[in-house]
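[1] Using only what follows, build the 3D model:
(chains A, B and C)
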Amino acid sequence: MARSYLFIPANEPRMLQNAYVFDADAIILDLEDSVAIEEKHEARHLAKNFLQSHPRGSAQTYVRINAQKDWLEKDLILLKDTKFDGIVLPKLTLEMWALYERKAKALAFDKPVIGIVETPDAFFELDQLASKKKILGLILGGEDLVSSLQSERTLEGRELIYGRSMLKMACAKHEILAIDTPWTTLDIAHLQKDLQHSLTHGFDGKCAIHPNQVPSINETLSPTKARINFALRVMKQFEATKSMRFSLDGQMIDKPVLERAKATLEKAKFYGLLKEELHGHL
Amino acid sequence: MDIYEDLESLLDALPLKDGLRISFHHHLRDGDGVINPVLFALKKRGVKDIHLYASSIFPNYKAVQDLIESGHIKNITTNYLNGPVAKYISEHGLKGTLKMQSHGGRARAFKEKENTVDIAFIAAPAINRDGAISGCEGKNAFGSIGYACEDAAYATLKVAITDNLMPIKYPQIKKGLINHLLHVDSIGDVTRMASGTLMITKDPVGLKIARTTMAFLDTVKAIKNDVSFQSGAGGTSLSITKMFNDYLKAHHLQASFYSGGITKLHVDALENGLVRDLYDVQCFDLIAVKSLMKNTHHHFMSANDYANPNTPGRIIRNLDIVILGASEIDLNFNVNVTTDSNNRLIGGSGGHSDTAEDAKLTIIVSPLIRARTVLIKDRVNTCTTKGMYVDVLVTERGIAINPRRKDLLKAVEGSTLDVLSIEKLQKKAYTLTGVPSHSDHKKTPIGMVEDRHGHVQDTLYKKE
Amino acid sequence: MTNPVITGSLESSDCLITLYESEPQVIEVDTVVHDAFHAHILTLIKDVLKSHAVDHMSVRVQDKGALDYAIKARLIAAIERYKDDSNG
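    Model (predicted):
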């Protein structure tokens, strides 16, 4: 249910220990692209020791490991007995998945995976990838994808319409999380424009490459106050009448609307937007 | 008023003697071109045991360090100091004593003849032949000359130093006070006044603290029509000012006044109708300077009118909200902005203890942990502002409210704010850093902190 | 005799660790939080060396306020690199 996934380079202690300060719903400690090759050895140890000692509050914690097979193996070996919520696996394709599964099995490494879909190959394998039991979500790797297409990232986002749609389609079919590509400049107004595309395509969450992006992401991908208030009133009415079918504000409220209201309130509670406890069951 | 064209002729005419008490204001900040030449000239003439009453001491006031080292300056009374001079005094002390006052306390002490100054040297951007001074006119106009007013009113002899002898339109210091005028080519470089520290922070931790502060103000419903507001010039404080402006706009509110040091952000608010009046004791950038000159609701004020605790009509008496920083805070909410945890001088009250006492809501904003150093101490190293005047601490990892403020504690009940006791917030930090050991150092006193009412509040010690 | 292994950096909240062979053993900790944590960091270093069976090695730490996990990580990474270099 995370709205924001904040990337933190694992080779920077100052950033690691501030990871949980920015109210991101999920943190991704990065051992891959934001860490220079000569620093990967130390980054691994920093990630491990950090995860073993640092309190985390309510945020989810993931680690993006390397795609290169020797580094990937070293990453898994070192993180084997450490507690965290899952792996982020870059350059996901069926081939990469097979490699990962082999290595993970050999190490009895059993964590859920969020895959990053960043190449055209992967797009033709989306349905199969999204069907994998251990894969709990897919991130759109927009930057890499768009350069493979010899195109450019724009505010208008037309270059990603198909990519976003396809990814979300596969995630919706298999009921897994769809996470949108980050906006890679620090211009917040531009980020907010890009977030509209995330909303349009129904993404559950979005990556952040800088802590200053988190508030906009959390706000845009949260249910609005209006929706929360409506959901509260729907649930109140439901509890009062105990009926699964009633009218509110001239709108017909039936099971799907009730379910959406309940889901909205669950999200609102999870995001700390709701002070009261959730009452009632469907 | 006698007019001199060179420093040496002026000094020939002044009654210089050992133990001379002189004052300077700091409005040109790092662009000051007056204090160094005057001090070096006094040293050359062998004037010893000088008592320097500088309202603040900035890094480029190199003469100050030079004369301390040579023993020509014996005592210093100031409100703020940082840079190499502060480092030197921390490590070596003075021949005499360092006394730290607040801006309001300095004004009071001048008025009540506790700060007795023989010669006040006043850098004047523009002065006319009657001795009326404007801070807004002339090629090095720095805006408000608030910190020189009490010097001009109460020092025995008043020397103005100007690079513009001309008719003036907006006097801030009235005619008839100045005894001698030194006419020079340049009093400094006003473009170095806003020495690059005046940017809204991009630091994510600072921004988080700013957002949390706004969420707190919103939750306790502190921002209403006619609210009055002041904040410092640090990066996080400026972010808060910007967010405060945005909040007023979004909620269709108008503040009554902003006070203190004025920046472009404050002027923006004024020019967009978000605040009715600005009360300006010092300008922090050139936009503020221009605004003081042209906007009728941008008012100059002297340090006395700003913050003298014995002036009933002082502006900050009506201040609702003030946002301040801290180097340390302790479990009793006492705040230190004078030294760091190692006795190094890093600043001073400035207007900190004045506004904290007078404002209805005093909020301290600071990171909780910086390079394994925890903000919250059992006891502050130096007490600049007493805990009884401090209401709220906002950090990136939680908010602490002074138990005296039961109204605020009630107002945050049931909110989504992360409020914890200051003890718990300290413990939270220790969970990450480990519990620090304490060493007791031998303590050599080098001076004192005087509160705005004139009482010694704390002692300053040498850095061992 | 292998070359000294250096890990970490002098950035705020980090530490620079130099691990080297030297008789007798020398452990130096130069830290910005001397009063608060010098003794603690010294003990931490010794414990890590011992638990990795290299408690004869010398270490120089230049610390800019790194938390324990970072000091440990930098030191363990250095020890592993040293072991790799010695065997490789």
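
[2] what's the nearest residue to B:Arg106 if we skip its chain neighbours?
    Excluding the flanking residues, the one nearest B:Arg106 by Cβ to Cβ, 6 or more residues apart in numbering or on different chains is B:Asn79, at 5.7 Å. Every C-beta, even on glycine, is put in place using the N, C-alpha and C of the backbone.

[3] In contact with that neighbour, which residues?
    Residues near B:Asn79 by Cβ atoms under 8 Å, 6 or more residues apart in numbering or on different chains: B:Ser55, B:Ser56, B:Met100, B:Gln101, B:Ser102, B:His103, B:Gly105, B:Arg106, B:Gly348, B:Ser349, B:Gly350.

[4] Next one, pLDDT for the last one please.
    For B:Gly350, the pLDDT comes out at 94.

[5] I'd say it and B:Ser55 touch.
    No: using Cβ atoms under 8 Å, B:Gly350 is not in contact with B:Ser55; the gap is 9.2 Å.

[6] what residues are shared contacts of these two?
    B:Asn79, B:Tyr80, B:His103.

[7] count of residues packed around the residue of chain B found nearest chain A?
    Relative to chain A, the nearest point of chain B is B:Pro204 (3.6 Å; Cβ to the nearest Cβ). Neighbour count of B:Pro204, defined by other Cβ atoms under 10 Å in any protein chain shown: 19.

[8] Was I right to think A:Leu199 contacts A:Glu219?
    No: using Cβ under 8 Å as the test, A:Leu199 is too far from A:Glu219 to be in contact (11.2 Å).

[9] Now do A:Ser131 against chain C, distance only.
    The gap separating A:Ser131 from chain C is 37 Å, by Cβ to the nearest Cβ, to the nearest Å.

[10] likewise B:Asp285?
    According to Cβ to the nearest Cβ, B:Asp285 and chain C sit 28 Å apart.

[11] Any chance of the backbone angles for that residue?
    When quoted as degrees, to the nearest 10, the phi and psi of B:Asp285 stand at phi -150, psi 170.

[12] Give me the nearest residue to it, chain neighbours excluded.
    Distance criterion Cβ to Cβ, 6+ apart; nearest residue to B:Asp285, sequence neighbours excluded, is B:Ala194 at 4.1 Å.

[13] can you tell me the residue of the stretch 151-282 of chain A closest to chain B?
    For the stretch 151-282 of chain A, Cβ to the nearest Cβ, closest residue to chain B: A:Pro211, 3.6 Å.

[14] Just list the residues touching that residue, thanks.
    By Cβ under 8 Å, 6+ apart, the neighbours of A:Pro211 are A:Leu6, A:Asn18, A:Val21, A:Phe22, A:Ala24, B:Pro204, B:Leu207, B:Lys208.

[15] Report the buried members of those residues.
    A:Leu6, A:Asn18, A:Val21, A:Phe22, A:Ala24, B:Pro204, B:Leu207, B:Lys208 (16 or more other Cβ atoms under 10 Å in any protein chain shown).

[16] out of these, who's nearest chain C?
    Once Cβ to the nearest Cβ is applied, the member of these that ends up nearest chain C is A:Asn18, at 9.0 Å.

[17] which residues sit in contact with C:Leu10?
    Counted by Cβ under 8 Å, 6+ apart, C:Leu10 has contacts C:Leu16, C:Gln62, C:Lys64.

[18] Who wins on neighbours among the residues you listed?
    C:Lys64 (21 neighbours).

[19] what separates that residue from B:Tyr430, distance-wise?
    To B:Tyr430, C:Lys64 is 19 Å away according to Cβ to Cβ, to the nearest Å.

[20] returning to what we had before: next, count neighbours for the residue nearest to B:Asp285.
    B:Ala194 has 23 neighbouring residues, counting by other Cβ under 10 Å.

[21] hmm, back to that, cross-check the buried ones among the contacts of A:Pro211 against chain C and keep the overlap.
    Counting by Cβ under 8 Å from any Cβ of the partner chain, nothing from the buried ones among the contacts of A:Pro211 sits close to chain C.

[22] For those, give me JSON lines that also has pLDDT and secondary structure.
    Formatted as JSON lines, the buried ones among the contacts of A:Pro211 follow (pLDDT from 0 to 100; DSSP: H, G, I helix; E, B strand; the rest coil):
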{"residue": "A:Leu6", "pLDDT": "98", "secondary structure": "strand"}
{"residue": "A:Asn18", "pLDDT": "96", "secondary structure": "coil"}
{"residue": "A:Val21", "pLDDT": "96", "secondary structure": "helix"}
{"residue": "A:Phe22", "pLDDT": "96", "secondary structure": "helix"}
{"residue": "A:Ala24", "pLDDT": "97", "secondary structure": "coil"}
{"residue": "B:Pro204", "pLDDT": "94", "secondary structure": "helix"}
{"residue": "B:Leu207", "pLDDT": "95", "secondary structure": "helix"}
{"residue": "B:Lys208", "pLDDT": "96", "secondary structure": "helix"}
